[in-house]
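**Student:** structural data only, the sequence is not supplied:
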């Protein structure tokens, strides 16, 4: 059987359905698509080995000139969140990224938290923006989270560093992260054994090669690297820094609420601790600092607890409920045990003060060592006047 050609009237009717009828005077006018405005002018700056960068604000507490892109990639066995300097203007009319913390719960528990109670992390970053390839190469910050946490535990700090021209690589570590700690109490198997040494080595190898999941930024990665860790992650990055054969390009090691000493000549070491930390005492962090090689710097935060170096205490849902309250109300298995690490008393230093101090100290160290930049102020001056600073110490060279 052969098909007859459609009649013109039928074609016209079909076209009116697909295209739509002409606008009537009562229809609201449609705005034409807007072109992105040109980004504000920012002067060029030079980094190590002639790297082409942008001028960053003189204040180490201000975000930098880059919009921040993010992608979740796979490196070996690791799910890795990457935050990077994106092409300026590429964030125009793009919705910010949102991280669903329920994905860090054991699979059997994820559905227990409804969308209404979900304490999602809203990021000052945007998914899948193009990297800024007109500048760079950029130094790399490898971040390792603490026990019963996850890759985005310190999200606001990770994006802050990226906005100032660093590629930040943050993995969720099997055996260490939230779901695997709760799996001890839940009907779920752990995602894998804890192997922080192997994980960090794998991340550093991917950074050095610019491959695996990091291929999309591989062309703009420099060979200057900082390792940053919190709590158990802090001790892990110090251990990696001490294994020079496994981490030959590490220039900076930052220990946030850690207790391990760095023994690595030439690497810049920053230790930070809260005076009210009930998990890792500030005195333990101070002893480790005093035993570390130079240059080394120490900052203690007045009345700050163990989670002052993360966003965990401030991560809440629309009703202002924090992570522990939601987990306990919804009877997430293991929530009470995990609560022993949830150090969020209202008597502790306010998170807004902690964020400013952490950013000022880390950014000063990063930009001096990773950008080969002469800082606009000394380390002590950069911290002077910031509310909530207990003490600052600096030893640039060992005493003969």
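**Tutor:** All right, it came through fine. All values derive from a computational prediction rather than experimental measurement.

**Student:** low-scoring stretches of the chain, by residue?
**Tutor:** Applying pLDDT under 70 to the chain flags residues 1-34, 246-247, 398-400.

**Student:** what's the longest strand in it?
**Tutor:** If you go by DSSP state E, the chain has its longest strand at strand 221-230.

**Student:** can you list the buried residues in that one?
**Tutor:** 221-222, 224-230 (16 or more other Cβ atoms under 10 Å). Every residue, glycine included, has its C-beta placed from N, CA and C.

**Student:** that strand pairs with which strands?
**Tutor:** For strand 221-230, the paired strands and their directions (DSSP bridges) read strand 138-144 (parallel), strand 250-256 (parallel).

**Student:** can you put those strands in JSON lines and add distance to residue 237 and mean neighbour count?
**Tutor:** Shown next, in JSON lines, are the strands paired with strand 221-230 (distance: least, Cβ to Cβ, whole Å; neighbours: other Cβ atoms under 10 Å):
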{"stretch": "strand 138-144", "distance to residue 237": "5", "mean neighbour count": "27"}
{"stretch": "strand 250-256", "distance to residue 237": "6", "mean neighbour count": "28"}
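
**Student:** strands of this protein, start to end?
**Tutor:** 44-46, 52-54, 68-75, 78-85, 98-99, 121-122, 126-127, 138-144, 167-172, 221-230, 250-256, 268-274, 296-301, 389-395.

**Student:** show residues contacting the second one.
**Tutor:** In this case it means strand 52-54. The contact list for strand 52-54 (Cβ atoms under 8 Å, 6 or more residues apart in numbering) reads 42-47, 64-66, 134-136, 138, 165, 371.

**Student:** can you give me every residue that contacts residue 67?
**Tutor:** The neighbours of residue 67, taking Cβ under 8 Å, 6+ apart as the test, are 85-91, 125-126, 129, 163.

**Student:** tell me the buried residues within the residues you listed.
**Tutor:** The neighbour count (16+ other Cβ under 10 Å) marks 85-88, 90-91, 125-126, 129, 163 as buried among these.

**Student:** and which of these is nearest residue 335?
**Tutor:** Lowest distance from residue 335 to these (Cβ to Cβ) belongs to residue 125, with 28.7 Å.

**Student:** state the distance from that closest one to residue 65.
**Tutor:** Using Cβ to Cβ, to the nearest Å, we find residue 125 at a distance of 15 Å from residue 65.

**Student:** same thing with residue 188?
**Tutor:** Distance from residue 188 to residue 65, counting by Cβ to Cβ: 44 Å.

**Student:** now do the contacts for the residue most central in space within the chain.
**Tutor:** In the chain, the centroid-proximal residue (Cα atoms, centre = their mean) is residue 158; its distance is 2.7 Å. Going by Cβ under 8 Å, 6+ apart, residue 158 touches 81, 83, 141, 143, 152, 168, 170.

**Student:** from these, which single one is nearest residue 322?
**Tutor:** Distances from residue 322 to the contacts of residue 158, taken as Cβ to Cβ, are shortest for residue 152 (15.7 Å).

**Student:** how many neighbours does that closest one have?
**Tutor:** Residue 152 has 27 neighbours, counted by other Cβ atoms under 10 Å.

**Student:** with residue 108 instead?
**Tutor:** Neighbours of residue 108 under the rule other Cβ under 10 Å: 15.

**Student:** return the member of the contacts of strand 52-54 nearest to residue 240.
**Tutor:** Ranking those by separation from residue 240, with Cβ to Cβ as the measure, puts residue 138 on top at 20.5 Å.

**Student:** who is the nearest residue to the closest one once chain neighbours are set aside paired with across the strands?
**Tutor:** Nearest residue to residue 138 in three dimensions, chain neighbours excluded: residue 167, at 5.0 Å (Cβ to Cβ, 6 or more residues apart in numbering). Beta bridges link residue 167 to residue 140 when assigned by DSSP bridges.

**Student:** what do you get for the one 4 residues further on?
**Tutor:** When bridges are called by DSSP bridges, residue 171 pairs up with residue 80, residue 144.

**Student:** mind listing what it touches?
**Tutor:** 75, 78-81, 144, 151, 199, 203.

**Student:** again, but for residue 118
**Tutor:** By Cβ under 8 Å, 6+ apart, the contact set of residue 118 is 100-102, 317.

**Student:** the residue nearest to residue 138 reaches residue 80, doesn't it?
**Tutor:** No. Under the criterion of Cβ atoms under 8 Å, residue 167 is not in contact with residue 80, lying 11.4 Å apart.

**Student:** ok, those two, which is more surrounded?
**Tutor:** A count of neighbours by other Cβ under 10 Å puts residue 167 above the other of residue 167 and residue 80, at 26 against 23.

**Student:** so the more buried one versus residue 362, what's the distance?
**Tutor:** Using Cβ to Cβ, one gets 15 Å for the distance from residue 167 to residue 362.

**Student:** how about the nearest residue to the residue nearest to the centre of the chain, chain neighbours excluded?
**Tutor:** By the measure of Cβ to Cβ, 6+ apart, the closest residue to residue 158 outside its immediate chain neighbours is residue 168, 4.7 Å from it.

**Student:** burial measure for the one you found, as a count.
**Tutor:** The number of residues packed near residue 168 is 26, by other Cβ under 10 Å.

**Student:** which residues touch it?
**Tutor:** Per Cβ under 8 Å, 6+ apart, neighbours of residue 168: 82-84, 140-141, 143, 158-159, 161-162.

**Student:** just the helices in this structure please.
**Tutor:** For the chain, helices defined by DSSP state H occupy the ranges 8-19, 155-163, 178-182, 196-209, 232-242, 282-290, 323-329, 335-338, 351-370, 379-383.

**Student:** buried stuff in the shortest one?
**Tutor:** In this case it means helix 335-338. For helix 335-338, the neighbour count (16+ other Cβ under 10 Å) marks 335, 338 as buried.

**Student:** contacts for that helix next, please.
**Tutor:** Contacts with helix 335-338, where a contact means Cβ under 8 Å, 6+ apart, come from 148, 178, 181-182, 184-185, 324, 327-328.

**Student:** redo that, cut-off 7 Å
**Tutor:** Helix 335-338 has contacts (Cβ atoms under 7 Å, 6 or more residues apart in numbering) with 148, 181-182, 185, 324, 327-328.
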